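# Coordinates for the following, if possible.
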Amino acid sequence: FAGDAVFAEWPGVSESTSNNNDSKQNDGGEKYHFLSNPNRRIEESTVLASLCGTSILAKGTDYEIEIKDDSMSQYRSSEERVFLNVHCGVGVGNVVGVHVRNNILMEPERNDIFNREDMETCCTRKEFFLIGDAIKQVTNANDIAQNGELGASTQVISILSKVGAVPQGWHSESYSEPKILVSRQENTLVNLHNHSMLEDGTGIASWRTRLKEYQKNHCFRNDDALWFRLKDLSISTLSTILHELSLYAHSVVRDIEYEALESQKRLSLLFDGQQSVLFKKPVAQLRTVYTMFIMPQICEELSNDSPNDNKSLYNLLNDIMTVTCRILDTFGGHMRQFIMDDKGIVLIANFGLPGSTFPHLVAERGLPATMAIQGALEAELKVETRIGATLGKVAYCGVMGGKLRHEYSVLGPSINLAARLMANESNPGILVDNAVRLMATDRVTFKNPRL
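Numbers count the residues shown, from 1 in each chain. Purely as a prediction, here's the structure:
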C-alpha cells in the first residue's frame with residue numbers, strides 16, 4: 001500500500017540467470033509450485049503483470065457503488081450514481097526490498113555508572129518498501145494513464161514486443177516515454193490470452209485452469225496454512241514473532257490488538273480460535289487530523305558498482321526514521337508510513353488519531369513537531385526536507401483491505417493536499433494549508449498568509 005495506490009510485484013529472472021538455475025526445484029530437491037516459482041523468467045512475469053493490470057481494469061473501471069445508507073443522502077442527490085475508477089502502470093527492472101527501523105538508545109537496567117557505549121538499542125517501528133528503477137518506471141507509466149487505462153514503460157514494451165504479446169510494429173526504440181497499452185477503446189494485448197511464453201509453453205488459458213484446480217484441491221484458508229507452520233513453536237517463540245511482526249503495523253492497530261490479546265488472556269480465551277477484537281469491531285472513524293508529508297532531499301539511487309554507497313543509503317534511511325520517530329514520540333504524534341513512491345522517499349505522519357488527540361492540536365503539537373523534524377534532520381543528518389502539512393476535519397481513519405491483507409490508513413482531501421504541498425515546486429521547506437495557518441496564526445509568523 002502506498003497512500004491511495006497499491007504496489008504488486010512479480011519476481012523474475014533473466015534468461016542467463018534462469019539457465020544457471022533449475023527453475024523447477026528448490027534447495028531441497030522438491031519441485032516448485034507454478035504459483036511460487038522464484039526462478040520464473042522475467043518475460044513470463046511481465047506478461048502476468050500486464051494481464052493482472054488488464055483484469056483489474058476490467059473489474060474496477062466505472063465500478064458502480066450502491067449506497068443504501070440514508071445517512072449519505074446529504075452528500076449526494078437521489079438520482080446521482082456513484083462510480084469508482086482505477087488506472088494502472090507496469091514497469092520491469094531491478095528492485096531491492098529495504099527494511100528500515102528506528103533505533104532508540106536505552107539505559108541498561110543497573111544502578112552503576114555506565115558509558116554511552118553501554119547503552120542498548122531497541123526498535124519501536126519498522127517499515128518495508130522497494131527501491132529501484134522498476135518503481136520509477138511503474139509510477140511514470142501510471143501517471144500517464146487515465147481512468148480505465150494501463151500504461152507501460154519502454155522496458156515493458158520491449159519485452160512484450162520480443163515475445164509477441166503486442167501487435168507488430170511496437171518496438172521500444174520507437175518510444176522514449178511510457179505508452180498506453182490498454183484503454184476503454186483499445187486493448188493492444190491482443191495475443192496475451194493464448195501466449196506461449198508462459199511456463200511450460202502453455203499460455204494463459206492453461207495457467208488459469210491450473211490455478212482453479214489448485215484452489216479446488218487446496219481449499220484450506222491462508223490462516224489455516226499459517227497455523228500448520230506455527231503449531232509446533234513454543235509460546236516464547238510465538239511471542240517473539242508476534243512482537244517482530246507488530247513493529248510493521250501502525251501503532252493505533254497495534255494498541256488495539258494488544259488490548260484484545262490482554263482481554264482474551266483475562267477471559268482465558270487466548271487459544272479458543274476466536275478472532276481478535278480488531279476483526280469483530282473494525283477500526284473506522286471520521287476524525288479531524290493534522291497530516292504532514294515529509295520528503296527528504298536525498299538520492300535514493302542504488303548502485304551495482306558501489307555496495308558501500310548502498311550501505312550508506314540504508315544507514316541514512318534508518319537514521320531519518322529514527323530522528324522522525326523520536327520527535328513524533330516527543331509531541332505525541334504517529335508515524336503513518338515510510339514509503340518510496342512517484343515523489344521519492346516520503347514519510348507520512350499524523351496527529352489526531354486515537355492516542356494523539358490534544359487541545360490546541362495544531363499550534364502546540366502538529367506544527368511545532370513539523371518544524372522540529374525539519375530542523376533536526378538538517379542539523380543532525382545534513383538532510384534538507386520539503387514538508388507539506390494540512391488540517392482536515394473529515395478524514396477517514398481505519399483499516400483498508402480484507403481479513404487476510406489489510407493495513408491502517410488515513411484518507412481524505414486534506415491528506416492528498418498535504419502530498420501536493422510537499423511536492424510543490426515553490427515549497428521553501430514547509431508549506432501549510434489555510435486551515436493550519438488559521439489555527440496557529442497567534443503563535444507562528446507565516447511568510448505568506450495566503451498559503
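# Does residue 56 touch residue 86 like I think?
Yes - under the criterion of C-beta atoms under 8 Å, residue 56 makes contact with residue 86 at 6.1 Å. C-beta coordinates here come from the backbone N, C-alpha and C atoms, glycine included.
# Same drill for those two, tell me which one is more crowded.
Using other C-beta atoms under 10 Å, the more surrounded residue of residue 56 and residue 86 is residue 86, with 19 against 16.
# what's near enough to touch the more buried one?
Contact partners of residue 86, counting by C-beta atoms under 8 Å, 6 or more residues apart in numbering, are 56, 57, 60, 61, 63, 147, 148.
# Do a quick rundown of the helices in the stretch 151-300 of the chain.
For the stretch 151-300 of the chain, applying DSSP state H, counting those that start in this stretch gives helices covering 154-162, 204-217, 222-230, 235-246, 251-266, 277-280.
# I'd like the average pLDDT over the fourth one.
Averaged over helix 235-246, pLDDT sits at 87.
# helices or strands up against that helix?
Contacts defined by 3 or more C-beta pairs under 8 Å, 6 or more residues apart in numbering; DSSP states H and E place helix 235-246 against helix 251-266.
# can you rerun that using 10 Å?
Counting contacts by 3 or more C-beta pairs under 10 Å, 6 or more residues apart in numbering; DSSP states H and E, helix 235-246 packs against strand 126-132, helix 222-230, helix 251-266.
# sorry, back to before: which neighbours do residue 56 and residue 86 share?
6, 150 (C-beta atoms under 10 Å, 6 or more residues apart in numbering).
# winner for burial among the helices and strands packed on helix 235-246?
strand 126-132 (a mean of 18; mean count of other C-beta atoms under 10 Å).
# quick one on the thing from earlier: show only the entries of the contacts of residue 86 found in strands.
residue 63 (DSSP state E).
# Could you turn the buried ones of the contacts of residue 86 into a PyMOL selection?
Selection of buried members from the contacts of residue 86 for PyMOL, criterion 16 or more other C-beta atoms under 10 Å:
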select buried, resi 56+57+61+148
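# Of the contacts of residue 86, which is the nearest to residue 294?
Residue 294 lies nearest to residue 147 out of these, by C-beta to C-beta, at 29.3 Å.
# show me what contacts the closest one?
Residue 147 neighbours (C-beta under 10 Å, 6+ apart): 57, 60, 61, 62, 83, 84, 85, 86, 87, 183, 184.
# mind redoing it with 8 Å?
So, once contact is read as C-beta under 8 Å, 6+ apart, residue 147 ends up touching 61, 85, 86, 87.
# could you dump those residues to CSV with pLDDT and secondary structure?
Shown next, in CSV, are the contacts of residue 147 (pLDDT from 0 to 100; DSSP: H, G, I helix; E, B strand; the rest coil):
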residue, pLDDT, secondary structure
61, 89, coil
85, 91, coil
86, 93, coil
87, 94, coil
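# Closest to residue 4 out of the residues you listed?
When the contacts of residue 147 are compared against residue 4 (criterion: C-beta to C-beta), the nearest one is residue 86, at 10.6 Å.
# Distance of the closest one relative to residue 53?
10 Å (C-beta to C-beta, to the nearest Å).
# give me the element residue 397 is part of.
Using DSSP states H and E, residue 397 sits within strand 385-401.
# tell me which residues in that strand are buried?
By neighbour count with 16+ other C-beta under 10 Å, strand 385-401 contains the buried residues 385-392, 395-400.
# and what of stretch 234-246?
residue 246.
# hmm, who's touching that stretch?
Residues outside stretch 234-246 that contact it (C-beta under 8 Å, 6+ apart): 230, 233, 254, 257, 258.
# Looking at the residues you listed, which one is closest to residue 336?
Using C-beta to C-beta, these come closest to residue 336 at residue 254, 13.1 Å.
# Now do the contacts for that closest one.
Contact analysis of residue 254 by C-beta under 8 Å, 6+ apart lists residue 246.
# export the buried residues of strand 385-401 to TSV and tack on pLDDT and distance to residue 423?
Formatted as TSV, the buried residues of strand 385-401 follow (pLDDT from 0 to 100; distance: C-beta to C-beta, whole Å):
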residue	pLDDT	distance to residue 423
385	96	12
386	96	7
387	97	11
388	96	7
389	96	13
390	96	13
391	96	19
392	93	18
395	82	19
396	89	22
397	91	23
398	89	26
399	86	27
400	84	23
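# which of the contacts of residue 86 sit farthest apart?
56 and 147 (12.1 Å).
# can you tell me the average pLDDT over stretch 407-422?
92.
# For the stretch 201-350 of the chain, which residues score under the pLDDT cut-off?
Across the stretch 201-350 of the chain, the ranges flagged by pLDDT under 70 are 201-226, 264-282, 302-307.
# And for residue 429, the neighbour number?
When neighbours are defined as other C-beta under 10 Å, residue 429 has 13 of them.
# same check, this time on the one 10 residues further on
Summarising burial for residue 439: neighbours were counted as other C-beta under 10 Å, giving 19.
# my read: residue 165 touches residue 47, true?
Yes - counting by C-beta under 8 Å, residue 47 is a contact partner of residue 165 at 5.8 Å.
# Pull out the buried residues from stretch 347-357.
For stretch 347-357, by 16+ other C-beta under 10 Å, it's 347, 348, 349, 350, 351, 352, 353, 356.
# mind checking the end-to-end distance for it?
Terminal residues of stretch 347-357 are spaced 20 Å apart (C-alpha to C-alpha, to the nearest Å).
# got it, and stretch 357-372?
Start-to-end span of stretch 357-372 (C-alpha to C-alpha) is 19 Å.
# Contacts for it, please.
Counting by C-beta under 8 Å, 6+ apart, 287-288, 290, 292, 327-328, 330-333, 349, 351-352, 356, 387, 389, 391, 430, 432, 436, 439-440, 442-444 sit against stretch 357-372.
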